[in-house]
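# I'll drop the sequence and a predicted model, then ask my questions.
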Amino acid sequence: MCGIVGYTGCNQAAPILLEGLSKLEYRGYDSAGLAIESEDKIKVVRAKGRLHVLEEMTDNGRAMKGTCGIGHTRWATHGVPSVVNAHPHCNAKKTIAVVHNGIIENYQSIKAHLQKKGYQFESETDTEVIAHLLDSYYQGDPIEAIAKTMVRMTGSYALGILFFDQPGKVFAVRKDSPMIVGSTPEGNFLASDVPAILKYTKNVYFVDNMEIVSIGADSIHFYNLDQEEIEKEITTINWDAEAAEKGGYEHFMMKEIYEQPKAVQDTISPRIKDGEIVLEELGMTEDEIRKIRHIYMIGCGSAYHVCVSAKYVIEALARIPVEVDLASEFRYRDPILEEDSLVIIISQSGETADSIAALKEAKSKGAHVLGIVNVVGSSIAREADSVLYTWAGPEISVATTKAYSTQLAACYLIGIYFGKIRQTITDETYQELVEELMKLPDKIQRVLGDKERIQWFANKFAASKDIFFIGRGLDYGTSLEGSLKLKEISYIHSEAYAAGELKHGTISLIEKGILVVSVATQPELYEKMISNMVEVKSRGAYLMGLTCYGNYSMEDTANFTIYVPKTAKYFTNSLAVIPLQLLAYYVATARGLDVDKPRNLAKSVTVE
Ligand code: F6R
């Protein structure tokens, strides 16, 4: 999705903005642009394609003089990727420049209204209306013009704005699209995402919905929609700048796969004290936890897959019925939320538009909403009633790996903790599970040691047209994630099926030589899985088995077997997913694809 960076200070702005934009490349984009305040005008340079085109056009920014500016990477929604549709967009006199993340839903009616007043448009974008609307309201007071513009627009937006007659000032505003302001002694920053400014500062303000900011080289002022100044608190981000660098790996995805033991460790260990799980962050008393009658778990994509797996774990341990929903479905189906329901929204970015809408829907119905979120201060983190942070650090690769693993770990903590409080597990089981949970990071590390075999196998199947994943119970959840990982970065068609469903239609797709990845880690379902594997093998499938050490009979059926260490049956997903991430990675690299930035995908989906 689009990215915004702004800077005003004592250094040349364009090189800083380009560097910030390069840190947002992972979000996905198809064009980029800069607007820099110079002595006689606002200078705008825009380019289609990768950021290096813009870098070459501006001599890495050095050719654009000026210490105040805004930059943007665009992921096309309204209008094809092109120079005219790229941001920044300006008014006719080129005295106002705007960059925008989000979608202005009523842009057509605003455009028609402005056209009647004589405004002319050069792009197909919704963003251009903002520049002209600001122009129509601007009479020397930027905050007033911005507030009036906001009142006219529906949809979601984070805006960075320059007014030529307000030298040294960057203005910003947000509604349902993230925006932060960073403060340093050498100037102040605006960014849609933390990594863009992490090199310069960890001290940030989170811009809230419908707030307007005026940023000067040494001043930051916040206003509400009534144009009254408001006080905000500064937050310190605890991510390292190095965490957002590749650190010698060829791709962020591989680096992040390797960071999983640490990320899971960082998520689990602060919540286990003297062998006891401590989850004060849930903001719920033991009595409230005992009263929960229903849990709804909601997310999109991989976060949804975590919900699918967590359902098995939480239902088994805490004996609470768990309903799992895609955020995009939950938000529109007028869900029935009983009294004493807990709604858990899972999101890495905390900015996914559908997940935010689901959160609002749940809150409007009176449920306690718990966010499991990776990005501190993100919209979901701030709007949920309570937050359990996953400590994965910045995740740059579009395909999630370490955030997924930490989300699973957070759900295990909840399942075991609820089980103990509700006395649905014995003290002995509780202690065993806590001990086993603490061993998970080491076991993940051991699975990573098997990467050469997986690479060899991935090369063999890199030319596949279709690949199927099957599993039962928790292994079904793992299969869903394995299949998504593969298809999103390798562009190979893939489907995941609950193995028991095969005979209800899917088995007709099985042909000679097709790869079927069979996940079978659940002891009580192992024999059933072997039967399903035999069924597809007898129809010509090539079988990759994925099971725990000890289940060596797998080799009687599978053509190739990967083993993961034994762990509690509730946690096997955390180990089994690792070979599947590696499989996807190696298949994609064997096909020569850009694994970190797969086509058509964006890291955080901030529009519907
Ligand atoms: C897949 C992937 C996506 C995200 C989904 C939700 O690898 O990363 O499916 O899981 O877009 O994003 P968040 O977790 O940011 O809400």
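Nice, I can see it. Numbers count the residues shown, from 1 in each chain.

# got the contact list for residue 203?
By Cβ atoms under 8 Å, 6 or more residues apart in numbering, residue 203 lies in contact with 182, 183, 184, 234, 235, 236, 237. Every residue, glycine included, has its C-beta placed from N, CA and C.

# what's the per-residue pLDDT of the residue nearest to residue 267 when sequence neighbours are not counted here?
Of all residues not flanking residue 267 in the chain, residue 406 sits nearest, at 4.3 Å (Cβ to Cβ, 6 or more residues apart in numbering). On the pLDDT scale, residue 406 is placed at 98.

# ok, now residue 24?
Note on residue 24: pLDDT of 86.

# can you give me the neighbour number for it?
Look at residue 24: counted by other Cβ atoms under 10 Å, it has 27 neighbours.

# one more: residue 424?
Residue neighbour count, defined by other Cβ under 10 Å, stands at 16 for residue 424.

# residues in contact with it?
Going by Cβ under 8 Å, 6+ apart, residue 424 touches 317, 318, 319, 418.

# and residue 367, by the same measure?
Per Cβ under 8 Å, 6+ apart, neighbours of residue 367: 296, 337, 341, 342, 343.

# quick revisit: distance check, the residue nearest to residue 267 against the ligand.
The spacing between residue 406 and the ligand, counted by Cβ to the nearest ligand atom, to the nearest Å, is 11 Å.

# for the closest residue to the ligand within the chain, what are its contacts?
Proximity of the chain to the ligand (Cβ to the nearest ligand atom) peaks at residue 301, 1.8 Å away. Shown in contact with residue 301 (Cβ under 8 Å, 6+ apart): 400, 484.

# that one and residue 162, how far apart?
Using Cβ to Cβ, to the nearest Å, one gets 35 Å for the distance from residue 301 to residue 162.

# which among the contacts of residue 203 end up buried?
Neighbour counting with 16 or more other Cβ atoms under 10 Å marks 182, 183, 184, 237 as buried within the contacts of residue 203.

# returning to what we had before: what helix or strand does the residue nearest to residue 267 sit in?
For residue 406, the host element (DSSP states H and E) is helix 402-421.

# starting at the chain centroid, how far to that helix?
Centroid displacement of helix 402-421 relative to its chain, using Cα atoms, centre = their mean, to the nearest Å, is 19 Å.

# buried ones in the next helix-or-strand element following that helix?
Later in the chain than helix 402-421, the nearest helix or strand by DSSP H and E is helix 427-448. By neighbour count with 16+ other Cβ under 10 Å, helix 427-448 contains the buried residues 430, 433, 434, 436, 437, 440, 441, 443, 444, 445, 447, 448.

# before we move on, what about stretch 35-52?
Buried, per 16+ other Cβ under 10 Å, within stretch 35-52: 35, 36, 37, 42, 43, 44, 45, 46, 47, 48, 50, 51.

# look up phi and psi at the second one.
Read it as residue 36. Dihedral pair for residue 36: phi -120, psi 140, per degrees, to the nearest 10.

# list the beta-bridge partners for it.
residue 43, residue 69 (DSSP bridges).

# from what I see, it and residue 66 are in contact.
Yes. With contact defined as Cβ atoms under 8 Å, residue 36 reaches residue 66; the gap is 4.2 Å.

# so where's the protein shaky on pLDDT?
For the chain, applying pLDDT under 70 flags no range at all.

# interface residues of the stretch 401-550 of the chain facing the ligand?
For the stretch 401-550 of the chain, the contact set with the ligand under Cβ under 6 Å from any ligand atom comprises 484, 488.

# state the pair within the contacts of residue 203 that is farthest apart.
184 and 235 (14.7 Å; Cβ to Cβ).

# could you tell me which residues of the protein lie near the ligand?
Counting by Cβ under 6 Å from any ligand atom, the positions of the chain adjacent to the ligand are 300-303, 347-349, 352, 355, 399-400, 484, 488, 604-605.
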